[in-house]
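Chemist: model this:
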Amino acid sequence: MKAEFVGFAAVVVIGACGPHSVDLGGEPAGGSTGHGASGGTGDAMNGGTGDATRGGSGGAMSVGGSSNGEGGTVGGRGSHVGGTGAQGGSTGGGPAVVCGDGVLEGDEVCDDGNTLSGDGCNATCSDGDAGYSCAPGLGCIAICGDGILAGDELCDDGNRIDDDGCPNDCGHDYGIDCKGPLRAPAAPAAGEPQGPCDIYAADGGPCVAAHSTARALYATYDGPLYQVKDESGATLDISVVTPGGLADSAAQDSFCGSRTCTIAIIYDQSGHGNHLTTAPGGMAKNTPDNEAAASAVSATFAGQKVYGVHVVPGVAYRNNAACDTATGDAAETEYAVVGGTFYNNGCCFDYGNMERGNRDDGEGAAEAIYFGATTIWGRGDGAGPWVMGDLENGLWAGSFSPNPSNKSLSFRYVTAMLKGDAPGTNHWAIKTGDAQAGPLTTPFDGQRPSARYNPMRKQGAIGLGTAGDNSTNGQGDFFEGVMTTHYSSDAADDAVQANIASVYGAP
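Modeler: Numbering: from 1, shown residues only. Below is the predicted model:
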């Protein structure tokens with residue numbers, strides 16, 4: 001896509017530049033020969049004609065010769081017009097550099113044949129897009145270790161360290177180092193109250209992830225729930241007030257004061273080390289996500305204030321190196337307690353199992369709880385919000401849409417549960433409930449939506465506030481959630497719901 005000017009049009013261009021002398025490839029006067037060995041002789045108005053590889057000579061008007069081939073289209077050595085050898089010229093000032101024509105010229109750093117952003121070379125051909133490094137003549141490559149998923153990277157966790165879920169070349173590394181000792185909290189004494197994870201452990205499916213900024217999810221847990229960070233980068237772990245109890249929000253208030261604090265880490269109470277930190281870039285959003293404001297949402301349970309995780313678009317947490325989570329078609333049970341009044345129809349306010357590479361790896365690659373009113377894929381009854389399953393390439397209210405049994409919810413706090421059954425069963429279920437009172441209901445219990453989801457191909461990463469491909473347009477308030485590798489019994493689910501209501505429904 002090069003411009004070539006001959007005849008009168010060429011004279012107009014030169015005239016606009018003023019009368020001062022310019023080297024136009026051949027000599028500036030007469031019909032003398034330019035550097036191109038095959039260049040022809042110019043007349044008083046136009047340069048001579050060159051062959052396919054050589055530019056023509058300049059004419060009396062100092063206009064370089066045109067060409068029968070590519071050679072006469074680009075300005076030559078020491079000039080902007082006319083030519084030397086294979087780059088013989090055609091017009092005064094030479095053709096304009098065209099970004100997006102696939103030809104590297106002028107001061108372009110890269111030119112990939114388009115003016116799109118996000119594919120390596122930026123829209124002006126002046127530099128690489130975020131996550132890429134470009135050099136003239138060498139093209140653009142993704143930068144491994146910058147925390148931005150780009151190019152052919154399958155992961156990018158912000159470093160070049162092996163054995164942390166993403167290898168030092170940013171390819172898939174599912175050989176995650178989970179050799180550390182398991183430090184699950186001790187079970188409560190016989191007859192003592194149980195937490196949700198104690199209940200599931202007794203049911204044969206101990207938690208492999210347990211996250212909450214509001215309370216302990218084991219009766220004996222007495223460690224940190226989450227970490228806050230202030231504007232200076234100083235941090236403080238927020239623990240429970242008493243073992244098995246609620247979060248020490250007073251410690252957060254004292255530490256943060258009038259300063260802005262964010263939630264830097266949501267600790268895993270299960271002992272598997274599956275802590276959540278901000279999500280790295282992914283397919284849908286290739287830049288890292290943000291931390292939640294630490295005091296943006298609060299609640300009072302049993303007379304004590306606690307804080308939740310306030311997810312707005314762009315806020316998300318992830319652990320792509322999660323250990324011991326369900327993969328493939330393996331069974332799992334997940335639940336989350338979320339605020340029932342803060343949601344939208346964006347994709348996707350999720351919690352649960354998703355891809356390790358922050359990419360959409362197709363149907364069945366994820367199995368996460370979704371809460372909101374999105375209708376792009378499936379929907380329940382009414383206008384929403386609903387609890388649905390994000391199984392990748394679909395938010396499902398059941399195996400069909402709309403599912404009239406999956407009712408719109410209006411609870412202040414919602415218990416959202418998603419369950420995938422044992423391998424080969426092609427069976428999953430959704431349960432919902434008022435987190436402050438009453439039993440669970442089962443809006444769906446049946447087969448997977450289609451053969452594309454059977455068998456499942458879960459990858460075992462853990463995400464909060466984001467979909468598997470790092471879509472972060474959803475919003476919601478998260479207070480707690482767990483994951484197991486067991487299809488729990490109805491009795492265990494009911495006991496967990498009763499425990500939740502005993503806390504969230506306490507005056």
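Chemist: could you use CA atoms for every contact and neighbour count after this?
Modeler: Fine.
Chemist: hang on, A251 in a helix?
Modeler: Yes: following the definition DSSP: H, G, I helix; E, B strand; the rest coil, A251 is counted among the residues of a helix.
Chemist: that one contacts I238, correct?
Modeler: Yes: the pair A251 and I238 qualifies as a contact (Cα atoms under 8 Å) at a distance of 6.8 Å.
Chemist: so which of these two has more stuff around it?
Modeler: In terms of neighbours (other Cα atoms under 10 Å), I238 is the more surrounded of A251 and I238; the figures are 21 against 15.
Chemist: what comes into contact with the helix or strand that one falls within?
Modeler: For I238, the element it lies in under DSSP states H and E is strand 235-239. By Cα atoms under 8 Å, 6 or more residues apart in numbering, the residues outside strand 235-239 that reach it are 222-229, 247-249, 251-252, 255.
Chemist: direction included, what does it pair up with?
Modeler: The strands that strand 235-239 pairs with in its sheet are strand 224-229 (antiparallel) (by DSSP bridges).
Chemist: what does the average pLDDT come to for the partner strand?
Modeler: Strand 224-229 shows an average pLDDT of 98 in the prediction.
Chemist: circling back to that earlier point, give me the buried entries from the contacts of strand 235-239.
Modeler: Of all these considered here, the ones buried according to neighbour count by 16 or more other Cα atoms under 10 Å are 222-229, 247-249, 252, 255.
Chemist: tell me the one of those nearest A214?
Modeler: Ranking these by separation from A214, with Cα to Cα as the measure, puts A247 on top at 5.3 Å.
Chemist: surely that closest one and V241 touch.
Modeler: Yes: the pair formed by A247 and V241 meets the contact definition of Cα under 8 Å, at 5.9 Å.
Chemist: N286 contacts D146, doesn't it?
Modeler: No: with contacts counted by Cα under 8 Å, N286 stays clear of D146, the gap being 11.0 Å.
Chemist: go through the chain and flag its longest helix.
Modeler: Longest helix of the chain, by residue count under DSSP state H: helix 490-504.
Chemist: just the buried positions in that one, please.
Modeler: Neighbour-count burial for helix 490-504, counted by 16+ other Cα under 10 Å, picks out 492-504.
Chemist: end to end, how far does stretch 188-201 reach?
Modeler: 11 Å (Cα to Cα, to the nearest Å).
Chemist: quick check, distance from it to the centre of its chain.
Modeler: Computed by Cα atoms, centre = their mean, to the nearest Å, the chain-centroid distance of stretch 188-201 equals 37 Å.
Chemist: dump the C-alpha coordinates for the helix or strand containing F371 into CSV.
Modeler: With elements taken from DSSP H and E, the one containing F371 is strand 367-372. C-alpha atoms of strand 367-372 as CSV (Å, rounded to 0.1, in the frame of the first residue of the first chain):
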residue,chain,number,x,y,z
GLU,A,367,-17.0,-25.4,37.5
ALA,A,368,-17.6,-22.3,39.5
ILE,A,369,-20.6,-20.7,41.3
TYR,A,370,-22.0,-17.6,39.6
PHE,A,371,-24.4,-15.1,41.2
GLY,A,372,-26.0,-12.3,39.1
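Chemist: sheet partners, orientation included, of that strand?
Modeler: strand 350-354 (antiparallel), strand 386-390 (antiparallel).
Chemist: any idea of the mean pLDDT for that strand?
Modeler: Model confidence over strand 367-372, given as mean pLDDT, is 98.
Chemist: also stretch 406-419?
Modeler: For stretch 406-419, the per-residue pLDDT values average out at 98.
Chemist: so who does T375 touch?
Modeler: In this structure, T375 makes contact with N345, judged by Cα under 8 Å, 6+ apart.
Chemist: only C-alpha atoms, please: export the longest helix of the chain in PDB.
Modeler: Backbone C-alpha positions of helix 490-504 (Å, rounded to 0.1, in the frame of the first residue of the first chain) are rendered in PDB as follows:
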ATOM      1  CA  ASP A 490     -27.900 -33.800  51.400                       C
ATOM      2  CA  ALA A 491     -27.700 -34.200  55.200                       C
ATOM      3  CA  ALA A 492     -24.200 -32.600  55.200                       C
ATOM      4  CA  ASP A 493     -25.500 -29.700  53.000                       C
ATOM      5  CA  ASP A 494     -28.400 -29.200  55.300                       C
ATOM      6  CA  ALA A 495     -26.200 -29.100  58.300                       C
ATOM      7  CA  VAL A 496     -23.900 -26.600  56.600                       C
ATOM      8  CA  GLN A 497     -26.900 -24.400  55.800                       C
ATOM      9  CA  ALA A 498     -28.000 -24.600  59.400                       C
ATOM     10  CA  ASN A 499     -24.600 -23.500  60.600                       C
ATOM     11  CA  ILE A 500     -24.500 -20.600  58.100                       C
ATOM     12  CA  ALA A 501     -28.000 -19.400  59.300                       C
ATOM     13  CA  SER A 502     -26.900 -19.600  62.900                       C
ATOM     14  CA  VAL A 503     -24.200 -17.000  62.200                       C
ATOM     15  CA  TYR A 504     -25.700 -14.800  59.400                       C
END
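Chemist: for it, the distance to its chain's centre please.
Modeler: That offset, for helix 490-504, works out to 33 Å (Cα atoms, centre = their mean).
Chemist: so which elements touch it?
Modeler: Other helices and strands packing on helix 490-504, by 3 or more Cα pairs under 8 Å, 6 or more residues apart in numbering; DSSP states H and E, are helix 196-202.
Chemist: who does G339 bridge with?
Modeler: According to DSSP bridges, the residues that bridge with G339 are Y413.
Chemist: give me the pLDDT for it.
Modeler: pLDDT, the model's per-residue confidence, is 98 for G339.
Chemist: got it, and S66?
Modeler: Among the per-residue scores, S66 holds a pLDDT of 35.
Chemist: same check, this time on the one 5 residues further on
Modeler: In the predicted model, G71 carries a pLDDT score of 34.
Chemist: go on, the one 10 residues further on?
Modeler: V81 is assigned 34 on the pLDDT scale.
Chemist: please apply the same query to V240.
Modeler: The per-residue confidence score, pLDDT, reads 98 for V240.
Chemist: in this structure, where is pLDDT below threshold?
Modeler: Residues of the chain that meet the criterion pLDDT under 70 lie in 1-94, 137-138, 152-154, 161-169, 171-177, 179-181.
Chemist: same thing but 50
Modeler: Applying pLDDT under 50 to the chain picks out residues 1-92, 172-174.
Chemist: who touches the closest residue to P507 other than its chain neighbours in this structure?
Modeler: The shortest distance from P507 to any residue other than its chain neighbours is 5.2 Å, reached at A302 (Cα to Cα, 6 or more residues apart in numbering). A302 is in contact with V503, A506, P507, counting by Cα under 8 Å, 6+ apart.
Chemist: gap between G362 and S295?
Modeler: Following Cα to Cα, the distance that separates G362 from S295 is 36 Å.
Chemist: looking at the two, which is more packed in?
Modeler: Neighbour totals were compared for G362 and S295, and S295 leads with 20 against 16 (other Cα under 10 Å).
Chemist: and that one, how close does it get to H272?
Modeler: Distance, S295 to H272, using Cα to Cα: 27 Å.
Chemist: show me which positions of stretch 398-407 end up buried.
Modeler: Residues G398, S399, S401, P402, N403, P404, N406, K407 are the ones in stretch 398-407 that count as buried (16+ other Cα under 10 Å).
Chemist: which two in these are spaced the farthest apart?
Modeler: Across the buried residues of stretch 398-407, no pair lies farther apart than S399 and K407, at 14.8 Å, counting by Cα to Cα.
Chemist: about what we covered before: so which of the strands paired with strand 367-372 is the most surrounded?
Modeler: Ranked by mean neighbour count under mean count of other Cα atoms under 10 Å, the strands paired with strand 367-372 are led by strand 350-354, which reaches a mean of 32.
Chemist: quick one: contacts of that one?
Modeler: 325-326, 334, 336, 365-371, 390, 458-468, 481, 483.
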